[in-house]
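S.K.: Here's my sequence, what's the structure:
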Amino acid sequence: MSDLRQGFYGKESAGGPWDAIVIGSGAGSMAAAALLAHAGSRVLVLEQHYVPGGFTHTFTRKQYRWDVGVHAVGEMGPGSPPAQLLSALTDGKLEWASLGPVYDAFHYPDGVNVDYPDNPATFRANLRAAFPRERAAIDRYLKLATQIGDGLRGYYLAKALPRTLGTVVESLSARAMRHHLTTTTRDALASLTPDPRLRAVLAGQWGYCGAPPSRSAFAMTALVTKHFIWGGSYPKGGSARLAATLLGAVASRCGWTRVMADVKRVLLERGRAVGVELAGGEQLRAPLVLSGIGALPTLGLLPDEVQRARWATSLRTLQPAPAHVCLYLGFQGDPRAAGASGANQWFYESWDNEDQVWKVTPDGELPRAPVLYVSFPSLKDPLHADPRSHTGEVVTFVPWDHFTPWVGKRWRQRGADYEAFKRRMTEQLLGQLFERMPGLKPMLDHAELSTPATTDHFVRPTRGSIYGLEPSPARFANPWLRARTPVPGLFFAGSDVGSVGVLGAMLGGVLAAVAAEPWATLSFLRRAM
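M.R.: Residues are numbered from 1 along each chain as shown. Next up is the predicted model:
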């Protein structure tokens, strides 16, 4: 453990003064901390959990290990700007493996299957084969996805600027993007094609941003398509390598990641952030405070008079994306014999993307889950050592309100009613999975369901949302959701100011670091890129 703490968390004897304090250790926080450290700042990262990494951390049961939120990452091919940036931030120690020629496989009713491959030409051909009469609509959508993905760069760069200047830059450099950011996916796709099935397929990856077509900004749907246009990748050695390499870079530059450090409030003096106070009363000071825990949880760390300010009230009108459950599975045998691979499998019960949250009926019945997202972490990782022990995950979205009676209760001690509800959900999910992939059933050795109550215990996102704020038109129209907050010295990092997913959260972290220390960070980025 001593070697791990020195190489990963930093030296325990490390002390201030600190140039920057980063709240949380999720993807956005780690990117911000690593960039600041490379730019010469002494950085302290504070994590309330006993394992850093946020939704990038892993856990084990017996011989099995699962990730909790990293299933596929796009744009990690050789020479891509995000891959170059991550390589620079991790000192070249983070490596990626392709998920293969297909990274997502979609299964719809009536035997309609569409593979999402690792190159745009094959993707176009797959869509045309499934919808031969919709060639023009398919071509138009793919062209738009590329244009939007490229055009959002100016919009996000403006997020690092002060609000007044940033608004001007946004209006000049990202004017064309404003329409796509404030139009819903449902409306945009309806203008492209009358075919409801094609619209369902084009929005089928809505689970990567956490909002159905009627609530998501079309720019986010297009951005997900552009993000994966050359396929998906997975960190070699598992998703915990993100924390090991990013926080390792912080540690090697006199920084420190302190776990079990629960921040209770941000300290303000004369209206400026000057540090934080931990749950036990300890105060830690720095001239810069960056928070990667989400905009709404960060507001909860500020004094009441700040929370009543117009900008804070405006942010609280935004809604979080839905919560989820994840069924973690351990297999004895090779899941590839049952049709599994490194590709993620999406099993849809209907063509209706608007009704994909799994809800208990008014009379208390638990129906079939509308969609299963099935992932096999051990098959994605070329460093997985045991050829006979493998892992799987089944994810689906659920209402947060179904689990509020158990939120705040001690982990693994939430009572018989909670365990009974989990058993019902586990049995239903397993039943649906084995209908789709029956060869997995005799291999099953372990099954464990994680719910939003557990997500809240370990990560504390708003209402259990793995994606933070819902990527809706209202979110992108809000002028206050940017890296530099109205509180001097306080910055938002993470997906709420960036975009959805792992790289989206890291983008938010980079924006926060640039806003906090523009000259030093931009100098490093110019050298790295």
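S.K.: Give me the buried positions along the lengthiest helix in the chain.
M.R.: Longest among the helix segments of the chain by residue count, using DSSP state H, is helix 135-158. Along helix 135-158, these residues count as buried under the neighbour rule (16 or more other C-beta atoms under 10 Å): 137-138, 141-142, 144-145, 148-149, 151-152, 154-158. All C-beta atoms are positioned from the backbone trio N, CA, C, and that covers glycine.
S.K.: Can you list the neighbours in contact with it?
M.R.: Contacts to helix 135-158, defined as C-beta atoms under 8 Å, 6 or more residues apart in numbering, come from residues 120, 123-124, 127-128, 131, 166-167, 169-170, 173-174, 176-177, 180-181, 189, 192-193, 195, 198, 202, 218-219, 222-223, 225-227, 229, 482, 498-499, 507, 511.
S.K.: now do stretch 73-90
M.R.: 31, 34-35, 38, 94, 96, 227-235, 245-246, 248-249, 501-503, 506, 510, 524-525, 528-529.
S.K.: Recalculate using a threshold of 7 Å.
M.R.: By C-beta atoms under 7 Å, 6 or more residues apart in numbering, the list of residues contacting stretch 73-90 from outside reads 31, 34-35, 38, 94, 96, 227-228, 230, 232-233, 245-246, 249, 502-503, 528-529.
S.K.: chain center to that stretch, what's the gap?
M.R.: Chain-centre distance of stretch 73-90: 17 Å, with C-alpha atoms, centre = their mean, to the nearest Å.
S.K.: So what would you say the end-to-end distance of it is?
M.R.: Stretch 73-90 has an end-to-end distance of 16 Å (criterion: C-alpha to C-alpha, to the nearest Å).
S.K.: hmm, back to that, only the buried subset of the contacts of helix 135-158, as a ChimeraX command please.
M.R.: Of the contacts of helix 135-158, the buried ones can be selected in ChimeraX as follows, counting by 16+ other C-beta under 10 Å:
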select :120,123,124,127,131,166,169,170,174,177,180,181,189,192,193,198,202,218,219,222,223,225,226,227,229,482,498,499,507,511
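S.K.: correct me, but Tyr108 touches Glu349?
M.R.: No - Tyr108 is not in contact with Glu349 according to C-beta atoms under 7 Å; the separation is 9.1 Å.
S.K.: can you count the residues close to Ala27?
M.R.: Ala27: 33 surrounding residues under other C-beta atoms under 10 Å.
S.K.: Verify the stated contact: it with Val502.
M.R.: Yes - at 5.2 Å, Ala27 counts as touching Val502 under the criterion of C-beta under 7 Å.
S.K.: what touches both of the two?
M.R.: With C-beta under 7 Å, 6+ apart, Ala27 and Val502 have common neighbours Thr56.
S.K.: and Gln345, that's in a strand?
M.R.: Yes - membership of Gln345 in a strand is supported by DSSP: H, G, I helix; E, B strand; the rest coil.
S.K.: neighbours around it, how many?
M.R.: Gln345, neighbours per other C-beta under 10 Å, totals 21.
S.K.: Run through the protein and note the low-pLDDT ranges.
M.R.: Scanning the chain with the threshold set as pLDDT under 70 gives 1-14, 164-174.
S.K.: can you list the domains in it?
M.R.: What automatic domain parsing lists as the domains of the chain is 2-57+238-318+469-528, 100-230, 323-462.
S.K.: Quick check: which of those domains is buried the most?
M.R.: Mean neighbour counts were compared across the domains of the chain using mean count of other C-beta atoms under 10 Å; the top stretch is domain 2-57+238-318+469-528, at a mean of 21.
S.K.: In the stretch 301-450 of the chain, mark out all the strands, start to finish.
M.R.: 323-332, 344-348, 371-375, 389-398, 444-450 (DSSP state E, counting those that start in this stretch).
S.K.: Of all those, which one comes closest to Arg412?
M.R.: Closest to Arg412 of the strands of the stretch 301-450 of the chain is strand 444-450 (C-beta to C-beta; 10.9 Å).
S.K.: got the CA positions of the closest one in PDB?
M.R.: Output in PDB follows, covering the C-alpha atoms of strand 444-450 (Å, rounded to 0.1, in the frame of the first residue of the first chain):
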ATOM      1  CA  LEU A 444     -23.200 -17.600 -14.600                       C
ATOM      2  CA  ASP A 445     -21.300 -17.700 -11.400                       C
ATOM      3  CA  HIS A 446     -22.000 -14.300  -9.800                       C
ATOM      4  CA  ALA A 447     -24.700 -11.600 -10.100                       C
ATOM      5  CA  GLU A 448     -24.900  -8.400  -8.100                       C
ATOM      6  CA  LEU A 449     -27.200  -5.500  -8.700                       C
ATOM      7  CA  SER A 450     -26.100  -1.900  -8.100                       C
END
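S.K.: Let me know the angle separating that strand from strand 323-332.
M.R.: Strand 444-450 runs at 160 degrees relative to strand 323-332, counting by axes from the mean of the first three to the mean of the last three C-alpha atoms, to 10 degrees.
S.K.: Each with direction, which strands does strand 444-450 pair with?
M.R.: strand 323-332 (antiparallel) (DSSP bridges).
S.K.: Could you tell me the end-to-end distance of stretch 481-497?
M.R.: From its first residue to its last, stretch 481-497 covers 6 Å (C-alpha to C-alpha).
S.K.: swap in stretch 392-403?
M.R.: Distance across stretch 392-403, first residue to last, is 24 Å (C-alpha to C-alpha).
S.K.: taking the contacts of stretch 73-90 one by one, which sit in strands?
M.R.: With strands taken from DSSP state E, the overlap with those comprises Trp96, Gly232, Ser233.
S.K.: May I have stretch 485-494 as CSV, with CA atoms only?
M.R.: What follows is stretch 485-494 as a C-alpha-only set of coordinates in CSV (Å, rounded to 0.1, in the frame of the first residue of the first chain):
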residue,chain,number,x,y,z
THR,A,485,-18.4,30.8,-12.1
PRO,A,486,-19.5,34.2,-10.8
VAL,A,487,-17.6,33.5,-7.6
PRO,A,488,-14.0,34.6,-8.2
GLY,A,489,-11.6,31.7,-7.7
LEU,A,490,-14.2,29.0,-8.2
PHE,A,491,-14.5,27.0,-11.4
PHE,A,492,-16.8,24.2,-12.6
ALA,A,493,-15.0,21.2,-14.1
GLY,A,494,-16.6,18.1,-15.6
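S.K.: what's in contact with it?
M.R.: 26, 28-29, 32, 266, 268, 271-274, 287-292, 294-295, 298, 306, 311, 468, 483-484, 505, 508-509, 512, 515-516.
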